[in-house]
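> Structure for this input, please:
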Amino acid sequence: MADAALRLTTLAEELLGAPLPVRIRAWDGSESGPPDAPALIIRNRRALRRLLWKPGELGLARAWVAGEIDVEGDLYETLGLLAGLIWERGADTKDEVHPVLDPRMRAVARGFVQIAGPWPPPAPPAEEIRRRHGALHTKRRDRAAISHHYDVGNDFYELVLGPSMVYSCAYWGDGDSYGDDGFTLEDAQRDKLDLICRKLALKEGDRLLDVGCGWGSMAIHAAREYGARVTGVTLSREQAAYARKRVAEEGLTDRIELRVQDYRDVRDGPYDAISSIGMAEHVGSVKYREYADDLYALLKPGGRLLNHQIARRPEKDESAYRIDEFIDAYVFPDGELAPLGRTVGTLEEAGFEVRDVEAIREHYALTLRRWVANLEDHWAEAVRATSAGRARVWRLYMAASAVSFERNKIGVNQILAVRTPESGASGMPARARVWSG
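Numbering: from 1, shown residues only. I've put the predicted structure just below:
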């Protein structure tokens, strides 16, 4: 008799201490759970073995990437329903009895073992980064981490990001105009780049350092629209090759130099302005002060820094913060998020005067939903460009991130800071939100 779904639902509800808000459809054709809810499809018992071996997020991620579990219905709704039970309940369960000491939990574990089938668990999917050794955020380890994330094929990123090739939060306008029909992702990304150029007060001939220059979109916009002379640095060889081709096609090779170089090795300052857009998340807490010091040293007195960076909510106990297992293994190896206050404090400690912070959290949720739509609309092409597993990584990562931004679990901020000279003349307008040149 096909009853795997009912058995799994019963065990999951016992484990979670709450009703399961989604349906379960198991490999034997059985179903259990609310009939109108999205369905969590478990295609193979291997998924259970992964969860038993790596309980929690990493086990789920491995099963998802391998195609052993899937969702039928709205992915965002499903993630929202499961978030409160799986991801967001961790802080409330730290003081509970350890599962090994709890007879009820041991019984649940035995039930899962009986359903899961023969041991051992399958090997992790090929898309998972191999175990890394040594100190965090050495130059060599950072190069490997960046390569894992970015050197997966420019064709894939073209499908996901669209023509703008901007891999950071777009800028969708004000209030009710978020996501208006007719206003495209490309429009919003152009407006984001232009906003940054105006915040930096770029003008003809200014030297701009673009740290983590990606596929060259910021460099091209600053040079073409504002006449800046741009140096862009990235650790991704594939990004650099793509960006150089774009620069040549735009006829801007005399204004833009793109290097495969660690920002810590840039020594040709001073610059009039620095942009760091979606790069600082890779720096890590152990190196963030060094990052702030280096950028400060590369700016001329009166020069401006625009630091566009994702932030997490503060922990009650900051020592308890852990890097997200799924993102660390499959998306951004060694990436770390810091609370906004810590980032601002570190920039100030390095000598910067922080003049403005603009929170654009809702804009990133909209951006991510557009990227997910691009991926889903070009699914077969995306799989051919990379792999089915990597396409599944990106669909889950981007959709889950959109939910996190919408729920204020993470945010994104543009921090404008100045290397204010001893005279105190910052060069900023009296009203900070009037972005004039």
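> Would you mind measuring from residue 139 to residue 261?
Computed as C-beta to C-beta, to the nearest Å, the residue 139 to residue 261 distance reads 10 Å. Yep, even glycine has a C-beta here, placed from its N, CA and C like the rest.
> More neighbours: which of the two?
Between residue 139 and residue 261, residue 261 has the larger neighbour count (other C-beta atoms under 10 Å), namely 16 against 10.
> who's in contact with the more buried one?
233-235 (C-beta atoms under 8 Å, 6 or more residues apart in numbering).
> now the residues you listed as CSV including pLDDT, neighbour count and distance to residue 51?
As requested, the contacts of residue 261 are exported to CSV (pLDDT from 0 to 100; neighbours: other C-beta atoms under 10 Å; distance: C-beta to C-beta, whole Å):
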residue, pLDDT, neighbour count, distance to residue 51
233, 98, 21, 41
234, 96, 25, 37
235, 94, 23, 34
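> where along the stretch 251-400 of the chain do the strands fall?
256-260, 271-277, 299-312, 353-359 (DSSP state E, counting those that start in this stretch).
> now swap in the stretch 1-150 of the chain and tell me
Counting by DSSP E, counting those that start in this stretch, the strands of the stretch 1-150 of the chain are 23-25, 31-32, 39-42, 69-72.
> can you list the ones you listed in JSON lines and add mean neighbour count and distance to residue 205?
Shown next, in JSON lines, are the strands of the stretch 1-150 of the chain (neighbours: other C-beta atoms under 10 Å; distance: least, C-beta to C-beta, whole Å):
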{"stretch": "strand 23-25", "mean neighbour count": "21", "distance to residue 205": "62"}
{"stretch": "strand 31-32", "mean neighbour count": "17", "distance to residue 205": "67"}
{"stretch": "strand 39-42", "mean neighbour count": "21", "distance to residue 205": "57"}
{"stretch": "strand 69-72", "mean neighbour count": "17", "distance to residue 205": "53"}
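> List the backbone torsions phi and psi for the closest residue to residue 258 other than its chain neighbours.
Closest residue in space to residue 258, ignoring its immediate chain neighbours: residue 232 at 4.6 Å, by C-beta to C-beta, 6 or more residues apart in numbering. When read as degrees, to the nearest 10, the backbone of residue 232 gives phi -110, psi 140.
> count of neighbours near residue 232?
30.
> Who does it form a beta bridge with?
residue 210, residue 258 (DSSP bridges).
> didn't it look like it was pressed against residue 259?
Yes. Using C-beta atoms under 8 Å, residue 232 is in contact with residue 259, at 7.1 Å.
> which residues touch the residue lying closest to residue 334 once chain neighbours are set aside?
Computed as C-beta to C-beta, 6+ apart, the closest residue to residue 334 that is not its neighbour in sequence is residue 145, at 4.9 Å. Neighbouring residues of residue 145 by C-beta under 8 Å, 6+ apart: 129, 132, 282, 332-335.
> From the residues you listed, list the buried ones, please.
129, 282, 332-335 (16 or more other C-beta atoms under 10 Å).
> closest to residue 415 among those?
residue 282 (16.4 Å; C-beta to C-beta).
> any idea how far the closest one lies from residue 22?
Distance from residue 282 to residue 22, counting by C-beta to C-beta: 34 Å.
> picking that back up, quick one: the strands of the stretch 1-150 of the chain as CSV, columns for mean pLDDT too.
Listed next are those as CSV, based on pLDDT from 0 to 100:
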stretch, mean pLDDT
strand 23-25, 96
strand 31-32, 96
strand 39-42, 96
strand 69-72, 97
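> For those, give me TSV that also has distance to residue 376.
Shown next, in TSV, are these (distance: least, C-beta to C-beta, whole Å):
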stretch	distance to residue 376
strand 23-25	21
strand 31-32	25
strand 39-42	17
strand 69-72	12
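> out of those, which comes closest to residue 250?
strand 69-72 (41.2 Å).
> Can I get that closest one in PDB? Just the C-alpha atoms.
Once non-C-alpha atoms are left out, strand 69-72 reads as follows in PDB (Å, rounded to 0.1, in the frame of the first residue of the first chain):
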ATOM      1  CA  ILE A  69      12.900  17.100  -4.500                       C
ATOM      2  CA  ASP A  70      10.800  19.800  -6.300                       C
ATOM      3  CA  VAL A  71       7.900  22.100  -5.800                       C
ATOM      4  CA  GLU A  72       4.600  22.000  -7.600                       C
END
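> That one pairs with which strands, and in what direction?
strand 39-42 (antiparallel).
> chain center to the strand it pairs with, what's the gap?
26 Å (C-alpha atoms, centre = their mean, to the nearest Å).
> hmm, who's touching that strand?
4-5, 8, 22-27, 31, 33, 48, 68-73, 78.
> If I look at residue 181, what pLDDT would I see?
pLDDT, residue 181: 60.
> Throw the strands of the stretch 251-400 of the chain into CSV and include mean neighbour count and mean pLDDT, thanks.
Listed next are the strands of the stretch 251-400 of the chain as CSV, based on neighbours: other C-beta atoms under 10 Å; pLDDT from 0 to 100:
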stretch, mean neighbour count, mean pLDDT
strand 256-260, 18, 98
strand 271-277, 24, 98
strand 299-312, 22, 98
strand 353-359, 15, 97
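> could those be laid out in CSV, adding distance to residue 119?
Listed next are the strands of the stretch 251-400 of the chain as CSV, based on distance: least, C-beta to C-beta, whole Å:
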stretch, distance to residue 119
strand 256-260, 45
strand 271-277, 47
strand 299-312, 36
strand 353-359, 48
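> rewinding a little: could you say which one of the strands of the stretch 1-150 of the chain comes nearest to residue 306?
strand 69-72 (37.6 Å).
> Next, count neighbours for residue 290.
16.
> contacting residues for the residue lying closest to it once chain neighbours are set aside?
The shortest distance from residue 290 to any residue other than its chain neighbours is 7.2 Å, reached at residue 264 (C-beta to C-beta, 6+ apart). When contacts are counted by C-beta under 8 Å, 6+ apart, residue 264 touches 139, 290, 294.
> This completes my enquiry, with thanks.
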